[in-house]
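J.: Sequence first, then the predicted structure:
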Amino acid sequence: MQPELSQEEMILTFLAEGGDEFVSGATLSDKLGLSRTAVWKHVEVLRTLGYRIEAAPARGYRLLEVPDRLTALELAPLLSTRDLGRTIHYEDSLPSTNALAFELATEGAFHGEVVIAEEQTAGKGRRGRSWVSPPGKNLYFSVVLRPELAPQRASELTLVAAVALCETLREAGVQAQIKWPNDLEINGKKVAGILTELSAETDRVRFVVLGIGVNLNLGSGDLPAELAQSATSLKLERGQSVPRALFTAALWTKLEQWLDRHAEGGFEPVRAAWKSMAQTLGQDVLVRSEQRELRGVAEDIDAQGALLVRTPDGALERVLAGDVEQLRPRR
């Protein structure tokens, strides 16, 4: 069930639908069931929050500018999802969105609830690595999922997210590719990452927390020296800033669509889409895990999303986890 919008959210929705046109005070008053004075008071609240709203006698109100934040006020009017993002837990700063989402899920948070932050002070990447998370520039969120899925299939959701994220990045104007298992890259530089955490019983998944970080508006000066050659952002690649709320709403729509496809059609449609977007397949790779190093050619992913690597002696090795380094382009 979708939560009711606040009066401010409803006003923003009507003004956003109006585009460049004025929406009369009488129309807003009728739609909201409020007096015109009450409408004006809500508009004043929105102005104090950074919304530029023009008011003209006998014409009404017009939305001129939205602040670059990712609260429910900015996101709710843009959403077309059924469940995802309909409940938003927003914080200016968090150690980790995944940590809070996991806590909320343990306490009973519903499928689709999102934790989003302007800044992460202890954001996590794969294998415990830190994630550079300056405030107000990028997208950091975690979503609670409650899929009808056996625990051994939970890893498929990482690839579902990668496909949705890659499609969204491409529609934003960059040629993103997926690096197995959970990174998105542009021209060989990391632009986004995915971290999936699981709570399960023997025969069923209790919940999954899917965390996504996307470098949207990082400038070259925002990256530490050790990451300047290996990381990038949409702004650096496109040469212009990204409207973060619009990108977020588009990503959540894609993610819900692909989660639905996965629930209805299984992993094979996801696998096919993932392979069409992957940069890892067909490449000479070095795979490092805690147990070993493996060299070979990345040939495929199997029906569970594991990477299949052909070693120099002809054996086909199945890799479930590890860091993949592309050794050189194959011609």
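T.: That came in fine, so what should we check first? Numbers count the residues shown, from 1 in each chain.
J.: any idea how far Phe102 lies from Val45?
T.: Applying C-beta to C-beta, to the nearest Å, the value for Phe102 to Val45 is 33 Å. C-beta coordinates here come from the backbone N, C-alpha and C atoms, glycine included.
J.: In terms of neighbours, single out the busier of the two.
T.: Phe102 (22 against 15; other C-beta atoms under 10 Å).
J.: Report the secondary structure state of the residue nearest the centre of the chain.
T.: In the chain, the residue lying closest to the centroid (C-alpha atoms, centre = their mean) is Ile212, at 4.8 Å. Classification of Ile212 using DSSP: H, G, I helix; E, B strand; the rest coil returns strand.
J.: How about the contacts made by it?
T.: Contact analysis of Ile212 by C-beta atoms under 8 Å, 6 or more residues apart in numbering lists 139-143, 161, 165, 192-195, 251.
J.: How about Arg59?
T.: Contacts of Arg59 (C-beta under 8 Å, 6+ apart): 22, 24.
J.: quick one: pLDDT of it?
T.: Looking at Arg59, its pLDDT is 96.
J.: same question, Gln304
T.: So, for Gln304, pLDDT stands at 87.
J.: Over to the one 5 residues further on?
T.: Confidence per residue is given as pLDDT, and for Val309 that number is 95.
J.: okay, now the closest residue to it other than its chain neighbours: neighbour count?
T.: Spatially, and ignoring its direct neighbours in sequence, Val309 is nearest to Gly296 (4.2 Å; C-beta to C-beta, 6 or more residues apart in numbering). As a burial measure, Gly296 scores 22 neighbours (other C-beta under 10 Å).
J.: what's the answer for the one 3 residues further on, then?
T.: When neighbours are counted by other C-beta under 10 Å, Glu299 registers 14.
J.: pretty sure it is in a helix, no?
T.: No. Glu299 is assigned strand when assessed by three-state DSSP, not a helix.
J.: Just the residues contacting stretch 262-270, thanks.
T.: 147-148, 153, 156-157, 159-160, 163, 258, 261, 303-305.
J.: what does stretch 300-320 give?
T.: With C-beta under 8 Å, 6+ apart as the contact definition, stretch 300-320 has outside contacts at 152-153, 155-156, 158-159, 180-181, 267-268, 271, 274-275, 278, 280-281, 285, 287, 289, 294-299, 322, 324.
J.: cutoff 10 Å now
T.: 152-153, 155-160, 162, 180-181, 266-268, 270-271, 274-275, 278, 280-282, 284-287, 289, 292, 294-299, 321-322, 324 (C-beta atoms under 10 Å, 6 or more residues apart in numbering).
J.: Next step: those residues restricted to helices.
T.: Of the contacts of stretch 300-320, the ones assigned to helices by DSSP state H are 156-160, 162, 268, 270-271, 274-275.
J.: Nearest residue to Ala200 in space, please, no chain neighbours.
T.: Pro151 (4.0 Å).
J.: Equivalent analysis for Tyr90, please.
T.: Thr71 (4.7 Å).
J.: Got the confidence number for the one you found?
T.: So, for Thr71, pLDDT stands at 93.
J.: Relative to Ala245, how far out is it?
T.: 9 Å.
J.: Compare these two (neighbour count), which wins?
T.: Using other C-beta under 10 Å as the criterion, Thr71 and Ala245 rank with Ala245 on top: 22 against 17.
J.: tell me the contacts of that one?
T.: 66-71, 73-79, 139.
J.: Kindly present the residues you listed as JSON lines, with separate columns for secondary structure and distance to Ala200.
T.: Below are the contacts of Ala245 laid out as JSON lines (DSSP: H, G, I helix; E, B strand; the rest coil; distance: C-beta to C-beta, whole Å):
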{"residue": "Val66", "secondary structure": "coil", "distance to Ala200": "40"}
{"residue": "Pro67", "secondary structure": "coil", "distance to Ala200": "40"}
{"residue": "Asp68", "secondary structure": "coil", "distance to Ala200": "38"}
{"residue": "Arg69", "secondary structure": "coil", "distance to Ala200": "35"}
{"residue": "Leu70", "secondary structure": "coil", "distance to Ala200": "30"}
{"residue": "Thr71", "secondary structure": "coil", "distance to Ala200": "32"}
{"residue": "Leu73", "secondary structure": "helix", "distance to Ala200": "35"}
{"residue": "Glu74", "secondary structure": "helix", "distance to Ala200": "34"}
{"residue": "Leu75", "secondary structure": "helix", "distance to Ala200": "30"}
{"residue": "Ala76", "secondary structure": "helix", "distance to Ala200": "31"}
{"residue": "Pro77", "secondary structure": "helix", "distance to Ala200": "36"}
{"residue": "Leu78", "secondary structure": "helix", "distance to Ala200": "33"}
{"residue": "Leu79", "secondary structure": "coil", "distance to Ala200": "29"}
{"residue": "Leu139", "secondary structure": "strand", "distance to Ala200": "27"}
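J.: Using neighbour counts, trim these to the buried set.
T.: 66, 68-71, 73-79, 139 (16 or more other C-beta atoms under 10 Å).
J.: between these, which is nearest Ser96?
T.: Comparing the buried ones among the contacts of Ala245 against Ser96 with C-beta to C-beta places Leu139 closest, at 14.5 Å.
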